[in-house]
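turn this into a model:
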Amino acid sequence: MTSSCVTRDGSRWMPEYLNSINPAMCIGCGRCFKVCSREVMHPYGIDEAGETLGVCDGEDDFNGELSRVIMVIDYPGRCIGCGACARVCPKNCQTHITVDHRAVDQAATTDFQLHPWAAEASIEI
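Residues are numbered from 1 along each chain as shown. Model prediction:
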C-alpha cells in the first residue's frame, strides 16, 4: 500500500525515490547528475574489466585505465523523489520506488519534527 504526499498548494503527489541505476544500460552522460540538486549520484570511472575506478571528475583518466563512465548512487538517502533524473535519462536505466505507509508511519513517530513550519502555521500534514 502506498501513500501520496501533498504539495504546498494541496495537490496530491507521489514521490518516487531513485532505487537503482542499471550499469549495463547507463551511458554516463551525466544528465541525471546535473539535474539532481541533492547529489544522490555521481559519475564513476569503469575499466575494461568492469571494475569501478572511483569518482570521475572529468579530468582524471585513472592512469589510462578509464574505459567508460557510468552513474552510481552513492547517497540514496538524499533523494527526495522529485523524478527529475528519470525525466532527463535518455536510456531509461533507472528504477524508482514509492514510499509505503509503514515508512511514513515510522517517520511520523520519530523524535524530530519533519515540518517545523507546520506547527507554527497550524497546518495539518
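
tell me how many other residues surround the closest residue to V69 other than its chain neighbours.
Leaving aside its sequence neighbours, V69 sits nearest to G28 (CB to CB, 6 or more residues apart in numbering; 3.3 Å). C-beta coordinates here come from the backbone N, C-alpha and C atoms, glycine included. Residues lying near G28 (other CB atoms under 10 Å) number 18.

now G28: how far from P76?
For G28, the distance to P76 (CB to CB, to the nearest Å) stands at 19 Å.

and C82, how far is that from D9?
For C82, the distance to D9 - CB to CB - is 16 Å.

and the pLDDT for H101?
Note for H101: predicted pLDDT of 40.

what's the answer for the one 3 residues further on, then?
The score at V104 is 53. That number is its pLDDT.

same check on E124?
42.

repeat that for G50.
pLDDT at G50 comes out at 92.

C79 now?
pLDDT recorded at C79 is 96.

count of neighbours near it?
21.

output the lowest mean pLDDT helix or strand found in the chain.
Scoring the helices and strands of the chain by mean pLDDT, DSSP states H and E places helix 116-121 at the bottom, with a mean of 41.

wait, H42 sits on V69?
No: applying CB atoms under 8 Å, one finds H42 not in contact with V69, separated by 10.1 Å.

lovely, talk soon.
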